[in-house]
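Enquirer: 3D, please:
(chains A and B)
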Amino acid sequence: MPLGAGMKAPSHLAGEDQSAWRLGRWAAAAPAFAVPLCLILAPIALFLAYSFFSVDHGNVVYSPTIANYVRFFTDPIFLPIFWQTLLLCLAVAILCVLFAYPVAYFLTSLRGRRRYVLLVLLLVPLLMSYVIKIYAVRSILGGNGMLNRTLLALGVIDKPLMLFVFNLNAVLLTLTVLLIPFAVLPIFLSLERVPRALRHASADLGASQAQTFWRITFPLSFPGVASAMSFVFVLAIGDFLTPQMVGGQSGFTFGRIIYSQFGMAYNWPFGAALSVILAAVVILAISLGGRFGRRGERT
Amino acid sequence: MTWVRRLAPHPAHGPSCLTFHLATRRQRRSYSSHCFTGVTMAEPGILLRLRSVSKSYGSTPILYDVNLDVRDGEFLTILGPSGSGKTTILRLIGGFTTPSGGQILLDGTNIAAMPINRRPFNTVFQDYALFPHLTVQANVAYGLAVRGTSAAEIRRRVTDALELVQLGPLGERYPAQLSGGQRQRVALARAIICRPRLILLDEPLAALDVELRRQMQSFLKSVQTEIRTAFLFVTHDQEEAIAMADRICVMSAGRIQQIGSPHEVYYRPSCEFVARFFGENNLLPGRLGPLGGAIRSLETKLGVLRCSVEEHSEMATAPAGSAAFAVCRPEAIQFGENARGENRVEVRVGQVSFGGASTMIVAHPIAHPAQALRMLLPSRSDGASLAAGDSATFTFAADQCRLVPA
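Expert: Residues are numbered from 1 along each chain as shown, chains lettered A, B, ... in the order given. Below is the predicted model of the structure:
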């Protein structure tokens, strides 16, 4: 509903004055619509348009074609990477939730100030530069990184492991580490909203703590889990910087392909088409998260 | 009625009652090890006994030395203003908090430290605390489901319980789709389905409007009579307590002031607080006359009043000259030529308020006009009554006049 549409014109104004009043109201609201229109909708529309153009010897040909989409679905390179990226981001989302849930649960079990101090501490990494964080993780995972050196020093391995160096595993781990705070927050909020009286009622009816968790607390925090998963998934799938920096040659993701279309390949229309496909996936993920998120709420 | 037979908490009936007894024995084994008190003989007829129970949060005392027995099958109401500690007693029995001192004895065993989920009590919470993500059926079945009862048994008992609370057709709904009164019934069904030995109700009617509240009062009472399970009902509403309870425990400032039948606490208050707590009452301050007999005199500014006392009671043995109140209900005061009674007070009528079935007259004794004396009269259709400014003689009998310490 547009801004102010619920407001009624003052009844003491006669016909003509009323329509003038209404016009003035629209004029006042216009900037509020203009900003998202110009800064968000217009660029997206432009991308959508570009995705139907093509490139000939470095020049964009402005005649509509669906060649870009056909290429995506028929070329043997893109679809496998697309599926692989979806799988990777799903894994990241699941890992993040698995790590974040106990943390959020622990936070809600704290009382008073300590709870929020700890929560803020957990969210501090969000304020740091993304690139610095990636470098930090890289220095832990690298061939001569902290992880390998520790394992060597402990005698667990006798030569540096290459399992987590410049490949998809490294991308998976890095994304998980970087995105955990985004998962903690919604899960914490949904856990906090489960009334203590319900846990009391459950215990009162004879349930053990484990039964109370699985039958009451977990189902009621499910909206948080769903939105945490869709958050993390969307952030991970749109990321091209992390795979670029820790993925090496084998850690190729959909985000990197799009990036290369706008850079090295210099094929904006194809890049735009891939972006549109990515946007469709993101919209789907968000709406799925929203749908499952609502399922638990019946009050 | 088959339902009654199945629900009655008696060891001879049904497998789940048996479970309770097994559980109790198990608890006894595990608790006697770390509970200091051993097993003492349980008294017949007494379900639960609170012995010198106290509770404080930090340095703030909430309950002082509470001694209370809950009898088998009774409707016991704990009544008190907010902050009197009544809900704390309920929470202590339910296991939501532990006492700072004293014992809670169930079958002679101290259960003060027993976890909530192992106590054979169920609670109807103030805001119902229904599980929002479960249907009415699943809510009611919850207590059985967590105990691993068979699906067929659960289905049968859920159907019975929903029928008892008259919610049969609403089993598939979610709590958010129910009205306040219906939620209340679901909470009750959920609490009774496990056949607890005691049902704790924490101001369950507080959220309902007056009309629904009255309906639910008689409904609760009828359910209680039908399943013959003890109810411990907490409320701050005097009328509600009087209408429903077998016994009322009046609390104030963390202490029990009086325990007795509704009739007793209404007509025979044991202290000033209880005397003032139930509706408007006359409390006339004075000093006790000499000892002796079933009737003691109290010297007041309206003259010497004669009041009945029970033998050996506190007021029968209090020394002469102690401060006390004479307590006389407004409806016990009469006026006119035919009125009989040991106490007569000349008054001037101040205010007359017609209240439907009865008329309240506030009068001031000639001897001490600062004191107000209330009289409640049945209203008459011809409107005949006293009028403001009239002089009259108020009369009340000694056995209608009680003494409480000041």
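Enquirer: specify the beta-bridge partners of the residue in the stretch 251-400 of chain B positioned nearest to chain A.
Expert: Residue nearest to chain A within the stretch 251-400 of chain B: B:Met251 (22.2 Å; CB to the nearest CB). To be clear about C-beta, it is placed using only N, CA and C from the backbone, and glycine gets the same treatment. Beta bridges link B:Met251 to B:Ile256, judged by DSSP bridges.
Enquirer: surely it meets B:Gly83?
Expert: No: contact criterion CB atoms under 8 Å: B:Met251 and B:Gly83 do not qualify, at 9.9 Å.
Enquirer: just want to know which of these two has more residues nearby.
Expert: B:Met251 (28 against 14; other CB atoms under 10 Å in any protein chain shown).
Enquirer: near chain B, which residues of chain A?
Expert: Taking CB under 8 Å from any CB of the partner chain as the contact definition, chain A meets chain B at A:195, A:197-198, A:200-208, A:211, A:215-216, A:219-220, A:296-299.
Enquirer: I'd like to know which of those residues are buried.
Expert: Buried members of the residues of chain A next to chain B, scored by 16 or more other CB atoms under 10 Å in any protein chain shown, are A:197-198, A:200-207, A:211, A:215-216, A:219-220, A:296.
Enquirer: in the chain, what spans have low per-residue confidence?
Expert: Unless you meant another one, I'm taking chain A. Applying pLDDT under 70 to chain A flags residues A:1-16, A:293-299.
Enquirer: chain B, not that one
Expert: In chain B, residues with pLDDT under 70: B:1-43, B:383-384.
Enquirer: spatially central residue for it, please.
Expert: B:Thr77 (2.3 Å; CA atoms, centre = their mean).
Enquirer: quick one: which helix or strand includes that residue?
Expert: Assigned by DSSP states H and E, B:Thr77 belongs to strand B:75-79.
Enquirer: which helices and strands sit right next to the helix or strand following that strand?
Expert: Going down the chain from strand B:75-79, the next helix or strand is helix B:86-94, by DSSP H and E. The helices and strands touching helix B:86-94, judged by 3 or more CB pairs under 8 Å, 6 or more residues apart in numbering or on different chains; DSSP states H and E, are strand B:46-57, strand B:60-71, strand B:75-79, strand B:121-124, strand B:198-202, strand B:230-235.
Enquirer: relative orientation of the last one and strand B:198-202 in degrees?
Expert: Just to be clear, that refers to strand B:230-235. On the basis of axes from the mean of the first three to the mean of the last three CA atoms, to 10 degrees, strand B:230-235 is oriented at 10 degrees to strand B:198-202.
Enquirer: so what secondary structure elements neighbour strand B:230-235?
Expert: Secondary-structure packing of strand B:230-235 (3+ CB pairs under 8 Å, 6+ apart): strand B:60-71, strand B:75-79, helix B:86-94, strand B:198-202, helix B:210-227, helix B:238-244.
Enquirer: give the contact list for residue 88.
Expert: I went with chain A, as the question did not name one. Neighbouring residues of A:Leu88 by CB atoms under 8 Å, 6 or more residues apart in numbering or on different chains: A:168, A:171-172, A:175, A:236, A:253.
Enquirer: wait, I meant chain B there
Expert: By CB under 8 Å, 6+ apart, the contact set of B:Thr88 is B:55, B:62-63, B:97.
Enquirer: buried among those? Need that as a selection in ChimeraX.
Expert: To isolate the buried members of the contacts of B:Thr88 in ChimeraX, using 16+ other CB under 10 Å:
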select /B:55,62,63
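Enquirer: okay, the contacts of B:Thr88 in CSV with distance to B:Phe396 next?
Expert: Compiled in CSV, the contacts of B:Thr88 are given as follows (distance: CB to CB, whole Å):
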residue, distance to B:Phe396
B:Lys55, 41
B:Ile62, 39
B:Leu63, 37
B:Thr97, 46
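Enquirer: chain A: which of the contacts of B:Thr88 is nearest?
Expert: Using CB to the nearest CB, B:Thr97 comes nearest to chain A of the contacts of B:Thr88, at 10.5 Å.
Enquirer: so what's that closest one closest to, chain neighbours aside?
Expert: Among residues not flanking B:Thr97 along the chain, B:Arg91 sits closest, at 4.8 Å (CB to CB, 6 or more residues apart in numbering or on different chains).
Enquirer: next one: A:Met162
Expert: A:Gly143 (6.8 Å).
Enquirer: my guess is the one you found contacts A:Asn167. True?
Expert: No: with contact defined as CB under 8 Å, A:Gly143 does not count as touching A:Asn167 (11.7 Å).
Enquirer: more neighbours: which of those two?
Expert: A:Asn167 (17 against 14).
Enquirer: my read: that one touches A:Gly248, true?
Expert: Yes: assessed by CB under 8 Å, A:Asn167 is found in contact with A:Gly248 at 5.9 Å.
Enquirer: quick check: residues of the stretch 101-250 of chain B near chain A?
Expert: So the stretch 101-250 of chain B meets chain A at B:115-118, B:121-123, B:125, B:127, B:129-133, B:142-143, B:145-147, B:174-176, B:190, B:194 (CB under 8 Å from any CB).
Enquirer: any of those residues buried? List them.
Expert: B:116-118, B:121-123, B:125, B:129-133, B:142-143, B:145-147, B:174-175, B:190, B:194.
Enquirer: just those residues: which are in helices?
Expert: Among those, DSSP state H puts B:142-143, B:145, B:190 in helices.
Enquirer: now, which of these sits nearest A:Ile157?
Expert: Comparing those against A:Ile157 with CB to CB places B:Ala145 closest, at 49.2 Å.
Enquirer: contacts only, for that closest one.
Expert: With the criterion set at CB under 8 Å, 6+ apart, B:Ala145 makes contact with A:215, B:138, B:154.
Enquirer: now do B:Gly279
Expert: B:Gln238.
Enquirer: what's the helix or strand for it?
Expert: Counting by DSSP H and E, B:Gly279 is part of no helix or strand.
Enquirer: so the residue in the stretch 51-200 of chain A positioned nearest to chain B, which state does it fall into?
Expert: Proximity of the stretch 51-200 of chain A to chain B (CB to the nearest CB) peaks at A:Ala197, 4.1 Å away. Using DSSP: H, G, I helix; E, B strand; the rest coil, the structure places A:Ala197 in helix.
Enquirer: so it versus B:Gly80, what's the distance?
Expert: Distance from A:Ala197 to B:Gly80, counting by CB to CB, to the nearest Å: 22 Å.
Enquirer: what's the burial count for B:Thr149?
Expert: 20.
Enquirer: meant to ask about A:Gly247, not that
Expert: When neighbours are defined as other CB under 10 Å, A:Gly247 has 22 of them.
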